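> have a look at this fold, sequence not included:
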Ligand code: ADP
Ligand code: TRP
């Protein structure tokens, strides 16, 4: 059975963009092999600076996945830092990783260009990511487009290690989500926590209503037909309830229907679609220990996959007899 592995950074509160862009595709793909999904808390430390935030986001991602239908009996769900052996492998990989490979990494260069304070952690980020992937003998690694180069680095590093020390690692295949439409935020830019334009996945009524009612629209008067295709309202409806999309366009084209009515309609669809997930999420909020138990059991299963691979790498390098 193929190992399908991906990591999700607990770096902010989950929003609709995360759901449609990353969580839903990961949940779909989990049916096609042994899914190994982890919460990349070590990686998130490159951007999250407060301990309580990291704890909260880690819980939110774990509970969020479970609430949205991840089956912990089938999928191995764990916290990256519960298998700290990944750092030993990261070191073994770092000795074969050329500096130039990391210096060319777009995500690092972008952060530098944005004037972010750089750190060794940010620079070495792709090596840790390669270790995540190789430690679990992954076959398929689903990621967003922005992570494509990190996958190439992981393959390069695996090949370099194999060339130097012998055939230890399987080269992972990326599964790049090209087709996923970018979910727009309420201001029309990509929905992203860094733009503050998100609709939260597990917000309460008020937290969801506020951004939805604030969606940017044009100033077409109420008695004129509104063209919703390609607008934020239209695209969000298409993501949330595709079967309802054409009706929604028709409603928009009906004179007398205002943007306020259309936003209320979208709000209802969001609430209806996510109500069952919300309910499960509230359950986990009230019973955080259940989430913790699932993560710990996941870590035991993850370690069972990881230890033989690490041992093989240790032997190949001469660290182990
Ligand atoms: P943010 O942009 O809010 O910081 P992240 O980069 O943490 O979100 O997102 C994690 C994953 O969620 C990304 O790799 C991407 O696949 C998906 N994602 C985030 N925002 C969107 C969006 N607006 N549309 C589609 N997918 C998204
Ligand atoms: N860097 C990934 C992201 O930001 C998260 C991640 C960490 C990951 N380790 C990974 C993804 C290993 C896939 C495989 O989205």
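Received, thanks. Remember, predicted model here, so these are calculated numbers, not experimental data. Numbering: from 1, shown residues only. Ligands and ions are numbered 1, 2, ... in the order given.
> wait, what's in contact with the residue in the stretch 201-321 of the chain that ligand 1 sits nearest to?
When scored by CB to the nearest ligand atom, the stretch 201-321 of the chain has residue 239 as its residue closest to ligand 1, at 8.8 Å. Placement of C-beta: from N, CA and C, glycine included. Neighbour list for residue 239: 16, 20, 181, 183 [criterion: CB atoms under 8 Å, 6 or more residues apart in numbering].
> type out the ChimeraX command that picks the buried ones from those residues.
Listed next is the ChimeraX selection for buried residues among these, using 16 or more other CB atoms under 10 Å:
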select :16,20,183
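> biggest separation within the contacts of residue 239, which pair?
Largest separation among the contacts of residue 239 by CB to CB: 16 and 181, giving 11.8 Å.
> re earlier: tell me which of the contacts of residue 239 has the lowest pLDDT.
Minimum pLDDT for the contacts of residue 239 is recorded at residue 181 (72).
> that residue reaches residue 236, doesn't it?
No: Residue 181 lies out of contact with residue 236 (CB atoms under 8 Å); the separation is 10.6 Å.
> in this protein, which spans are strands?
Remark: strands assigned in the chain by DSSP state E are 3-8, 34-39, 76-79, 140-143, 173-176.
> distance to residue 313 added to these, as JSON lines?
Shown next, in JSON lines, are the strands of the chain (distance: least, CB to CB, whole Å):
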{"stretch": "strand 3-8", "distance to residue 313": "17"}
{"stretch": "strand 34-39", "distance to residue 313": "18"}
{"stretch": "strand 76-79", "distance to residue 313": "20"}
{"stretch": "strand 140-143", "distance to residue 313": "18"}
{"stretch": "strand 173-176", "distance to residue 313": "20"}
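> could I get those as TSV with distance to ligand 1?
Listed next are those as TSV, based on distance: least, CB to the nearest ligand atom, whole Å:
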stretch	distance to ligand 1
strand 3-8	7
strand 34-39	12
strand 76-79	16
strand 140-143	7
strand 173-176	10
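> how about the ones you listed, which one is nearest residue 129?
Nearest of those (CB to CB): strand 3-8, 7.3 Å.
> what is the rounded mean pLDDT of the closest one?
Taken as a whole, strand 3-8 has an average pLDDT of 96.
> please name every helix or strand in contact with it.
helix 24-29, strand 34-39, helix 120-135, strand 140-143 (3 or more CB pairs under 8 Å, 6 or more residues apart in numbering; DSSP states H and E).
> tell me the most buried of these?
Highest mean neighbour count among the helices and strands packed on strand 3-8 (mean count of other CB atoms under 10 Å): strand 34-39, with a mean of 24.
> contacts for that strand, please.
Residues outside strand 34-39 that contact it (CB under 8 Å, 6+ apart) are 1-10, 26, 29-30, 58, 61-62, 65, 70, 74-80, 132, 136, 138, 295, 298, 302, 305.
> report the longest helix in the chain, please.
helix 288-317 (DSSP state H).
> list the buried residues in that one.
Neighbour-count burial for helix 288-317, counted by 16+ other CB under 10 Å, picks out 291, 294-295, 298-299, 301-303, 305-306, 309-310, 312-314, 316-317.
> residues contacting whichever residue of the stretch 1-150 of the chain sits closest to ligand 2?
As assessed by CB to the nearest ligand atom, ligand 2 sits closest to residue 7 within the stretch 1-150 of the chain, at 3.0 Å. Residue 7 is in contact with 37-40, 43, 80, 129, 132, counting by CB under 8 Å, 6+ apart.
> which residues of the stretch 51-200 of the chain lie near ligand 1?
The interface of the stretch 51-200 of the chain toward ligand 1, taken as CB under 6 Å from any ligand atom, is made up of 144, 146, 180, 182-183, 190-194.
> among those residues, which one has the lowest pLDDT?
residue 180 (62).
> which residues pair with residue 35 across the strands?
residue 4 (DSSP bridges).
> what is the burial count for the nearest residue to residue 245 once chain neighbours are set aside?
The shortest distance from residue 245 to any non-neighbouring residue, by CB to CB, 6 or more residues apart in numbering, is to residue 238 (4.7 Å). When neighbours are counted by other CB atoms under 10 Å, residue 238 registers 19.
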